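> I would like the atomic coordinates for the input below:
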Amino acid sequence: MNARVTYSANPSAPISVDSETGEIRTKASALEGLPNGPLVIDVFASDSGSPQRTASTPVTILVNCTTPPPPPAARSGPLCPPPSNVHIRENSQPNTILTQVTQDPQGQPLRYFLNGIGADRFQITPSGHVIVVGLIDRETSQNPFTLSIHMQNAEGQTCSTMMTVTILDENDQSPSFVGEDSFVVDCGLSNVRVGVVSARDGDDGENADLDYSILGASTDFGIDRKSGEIRTLRPLDGQVPVRELTVTVSDNGTPRRTSQAVVRVTVRPNCSPSISHQMAPNSPLPLKQLRQCQAQYTLRVRGDTAIGTELTTINQGFGGSGFSIVGGNEAGSFRLDPQTGQLTLTKPLLPGTTELAVTDQFAVQPCISRVLITVVDENNNTPTFEHPSYLFTTPCGSKGVIGRVSAVDPDQGLNGVLTLSITGTSAFTIDSRSGEVHTTFPLPAIPSAYQFTVTATDGGQPRRSASSVVTINVRPCLSMPDQISSPTTTMGTYAYSAPRCPEALVMEVEENRAGIVLGSVMGRDANPGGVLRYMLLPTADSRHFQVDTVANAGRLTVVTPLDRESEGTIIVDVRVLNNYGQFCETPVRINVLDVNDNPPVFPQNQYQFRIDCTGQPPFTIGTVEALDADLGVNGVVIYSAPTDQPFTVNPSTGSIVLPNYLAAVSSGRQILTTQIAASNPTPPRHNALVTIQVLLAPSCFIAPPQQPPPSARYQMGSLLAAPPAG
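Sure, this is the predicted structure:
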């Protein structure tokens, strides 16, 4: 057996070797396309012993193929993906990517066509990205959109697919009251139904889940938070025949939206004008423990008061168990001890005044006290300007409002009231409230720029302030005063005319480009033999450009790179002069076009997520988001994750999903750490990476199925199966 020899060759070789005889044959069409000449291939011989021993020898084959190569295969058409469903939130920013359709298999450019009702709301880019071209309101537009996408290559071959776009709800609708707002109730009755107020919300899901409450602490009425049912809290007398309640309805979306309505309750006068409460003769409560009712408690509490702080005590010094909150505590921010009357804070306070209704069943008279709790704001925020610096441009001779600066302070009351002031110049003043910047006199052409500081100061104690630098560029006057009224100049017996300029020009240039010719101003001279000269009027922006003084009809060139993110539009003035000192001027507007020169940026260096795999897969882990300062497709961000990870990331939204349960590992490790990439779809591609850590609950893992014992299975090929019956 050890002497038996088996022959073989590399499977990728263009020959085959008979394993028994060693006969060498060429494979069908394997030599076509190979260059003529010697071809060396290794042939192997192996024995059948153990261990197996192998030898090899090079075999030289002289290739002499005269058959012409076959014609190129017919070009296949574009490959369209199957019909798909995508989702996008309403009011998403223009240029948000929905998806990318399949590109050409040979990598050649394709033409894309988008059709269907509502197709004008979307656009497909040359790279196959389907994007939104405007804001879409779910409540007023059709939903979903059904789009057909057609693709065509250079040979005219086409394919088509369908896409369904579903608009997801955002909380952009406020609830509105519908139905009755006036009810009638009999006096003298407690805990009876008054009526039901109702509201509706055009949003969906939790954005349309509504909660009702009564503004302030009503001592007479309460309202069911979900149903809107209003009931009496105590017997009503007929002395006030009409009661007005302000009912607030709030949704549970983010941001939360609210509406209010005034509800009128008419009390039928069918009982005595006053209702007295007397203790029964056999009451177990001793008379000395009856308490006098205090009608109102007024508290002022700091906004940073710690949870668990005792705020006050109702009717301090009396024992009993008759205290309870009957209104105004819908959020559960306070707790009233029924034994001691101690009022304690249980949740962080919100700005404003909260009114509670507190009852005391052991008072001499029926007692419902008002507790007014006002949150006193701390001046712990510094004013913030809308922009760190401001730049305004105005022509010389300007007088009046030049521009406006703005600052905000999130504190309340005087702590959030800002006063604006100017330092460093006497040429300008500022309105201390509106922030409007005014000139104190008509601005001359020189100096050509002013710079000063604006300070915003709040009214709190201690006072807090912030500053911003304001720069004002003054553009030169358009013409000399004597030439405004005299467009011609007389020399001897001949009248010379001023040159004529275009009224205005618009030119474009991509950012980061220098040495680019934008165009020519091309003034006209009506004087015989005249020569026109061109010059740029000096401004802060004119340093980026150069104009040919005589030749090329005032050709304008970019000499330093421009940055669109810093200044997207620049206006310069070109002056055209003739031989006699007369001139005209043309404003040139240069639009700086965006290029893909900014990488995506993640707002944080690391994301941490925790996932509990309850319900059915897939399981949403979380969302990452990167921002790109570029415009249009250049500002589009596409997300991706390593292929060796068990989760996927939505390329458009950055939503990370665990598609299924994970197999349990012996190490019990439940933390996954990896990186998510954000990139641009247009060249040159820019990338950014962020690290994510995912803490997986034990419910995300399943144990592998247990194998049956060896006696209960048999081997067939590479599969394990239970033995057949019998």
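
> who does Leu672 bridge with?
Legend: beta-bridge partners of Leu672 under DSSP bridges are Val694.

> show me what contacts it?
Remark: with contacts taken as Cβ atoms under 8 Å, 6 or more residues apart in numbering, Leu672 is in contact with Gln645, Pro646, Phe647, Gln693, Val694, Leu696. Every C-beta, even on glycine, is put in place using the N, C-alpha and C of the backbone.

> most widely separated two among those?
Using Cβ to Cβ, the contacts of Leu672 span at most 14.2 Å, a distance reached by Pro646 and Gln693.

> and the two? Which one has more around it.
With neighbours defined as other Cβ atoms under 10 Å, Pro646 and Gln693 compare such that Pro646 has more, 16 against 13.

> quick check: Asp304 touching Val376?
No - applying Cβ atoms under 8 Å, one finds Asp304 not in contact with Val376, separated by 10.0 Å.

> compare those two (neighbour count), which wins?
Neighbour totals were compared for Asp304 and Val376, and Val376 leads with 16 against 12 (other Cβ under 10 Å).

> okay, the more buried one and Pro35: tell me how far apart.
Distance, Val376 to Pro35, using Cβ to Cβ, to the nearest Å: 91 Å.

> please apply the same query to Tyr639.
Taking Cβ to Cβ as the measure, Tyr639 falls 47 Å from Pro35.

> who has more neighbours, those two?
Taking other Cβ under 10 Å, Tyr639 and Pro35 do not tie; Tyr639 has more neighbours (22 against 7).

> confirm that one sits in a helix?
No - read with DSSP: H, G, I helix; E, B strand; the rest coil, Tyr639 is strand and lies in no helix.

> verify the stated contact: it with Val649.
Yes - using Cβ under 8 Å, Tyr639 is in contact with Val649, at 4.9 Å.

> any residues in contact with both of those two?
With Cβ under 8 Å, 6+ apart, Tyr639 and Val649 have common neighbours Val624, Ile676.

> so where is the stretch 101-250 of the chain shaky, pLDDT-wise?
For the stretch 101-250 of the chain, the stretches with pLDDT under 70 are 103, 105.

> ok, now with 90
Scanning the stretch 101-250 of the chain with the threshold set as pLDDT under 90 gives 101-130, 132-164, 167-174, 176, 178-195, 200-208, 215-221, 231-245.

> same check on the stretch 301-450 of the chain?
The model of the stretch 301-450 of the chain has pLDDT under 90 over residues 301-306, 310-333, 336-342, 347-381, 386-389, 391-403, 410-417, 424-429, 432-434, 438-450.

> in it, which spans are strands?
Per DSSP state E, counting those that start in this stretch, the stretch 301-450 of the chain carries strands over the ranges 310-313, 323-327, 334-336, 342-345, 352-360, 367-376, 384-385, 389-395, 401-404, 407-408, 418-423, 428-430, 436-439, 449-458.

> closest one to Leu556 among those?
Closest to Leu556 of the strands of the stretch 301-450 of the chain is strand 389-395 (Cβ to Cβ; 18.7 Å).

> show me the contact partners of the closest one.
402-403, 405, 437, 443, 454, 468-478, 539, 571.

> which of those residues count as buried?
Using 16 or more other Cβ atoms under 10 Å as the burial test, those include 402-403, 405, 437, 443, 454, 468, 470, 472, 474-476, 478, 539 as buried.

> which of those residues lies closest to Glu508?
Distance to Glu508, by Cβ to Cβ, is smallest for Thr539 among the buried ones among the contacts of strand 389-395, at 19.5 Å.

> looking at it, the closest one is touching Asn473, isn't it?
Yes - using Cβ under 8 Å, Thr539 makes contact with Asn473 at a distance of 5.9 Å.

> which neighbours do the two have in common?
Common neighbours of Thr539 and Asn473 (Cβ under 8 Å, 6+ apart) are Thr393, Ser448.

> buried residues, stretch 6-19. List them.
Under the neighbour-count rule (16+ other Cβ under 10 Å), stretch 6-19 has Tyr7, Ser8, Ala9, Ala13, Pro14, Ile15, Ser16, Val17 buried.

> and the contacts of it?
20-27, 30-31, 34, 39, 41-48, 61.

> one more: stretch 570-579?
393, 475-476, 478, 496, 498-499, 501, 521, 523, 525, 527, 530-537, 539, 541-542, 544-545, 547, 554, 556, 562, 583-590, 592.

> narrow those residues to just the buried residues.
Buried by 16+ other Cβ under 10 Å: 393, 475-476, 478, 496, 498-499, 501, 521, 523, 525, 527, 532-537, 539, 541-542, 544-545, 547, 554, 556, 562, 583-588, 590, 592, out of the contacts of stretch 570-579.

> tell me who's in contact with Lys226.
For Lys226, the contacting residues are Leu210, Asp211, Tyr212, by Cβ under 8 Å, 6+ apart.

> correct me, but the first one touches Val247?
If I follow you right, that is Leu210. No - with contact defined as Cβ under 8 Å, Leu210 does not reach Val247; the gap is 11.4 Å.

> give me the common contacts of the two.
With Cβ under 8 Å, 6+ apart, Leu210 and Val247 have no common neighbours.

> all helices of the protein, in order?
Taking DSSP state H as the test, the helices found in the chain are 481-484.

> for the residue of it most remote from its centre, which non-adjacent residue is closest in space?
Here the chain reaches farthest from its C-alpha mean at Ala3, the gap being 75.3 Å by Cα atoms, centre = their mean. Spatial nearest neighbour of Ala3, excluding adjacent residues (Cβ to Cβ, 6 or more residues apart in numbering): Asp47 at 6.8 Å.

> how many neighbours does that neighbour have?
As a burial measure, Asp47 scores 16 neighbours (other Cβ under 10 Å).

> who are the neighbours in contact with it?
If you count contacts by Cβ under 8 Å, 6+ apart, Asp47 has them with Asn2, Ala3, Arg4, Val5, Thr6, Arg53, Thr54.

> among those residues, which ones are in strands?
Assigned to strands by DSSP state E, the following of the contacts of Asp47 qualify: Val5, Thr6, Thr54.

> can you list those residues in a markdown table and add pLDDT and distance to Gly416?
Converted to a markdown table, the ones in strands among the contacts of Asp47 look like this (pLDDT from 0 to 100; distance: Cβ to Cβ, whole Å):
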| residue | pLDDT | distance to Gly416 |
| --- | --- | --- |
| Val5 | 83 | 95 |
| Thr6 | 86 | 91 |
| Thr54 | 84 | 87 |
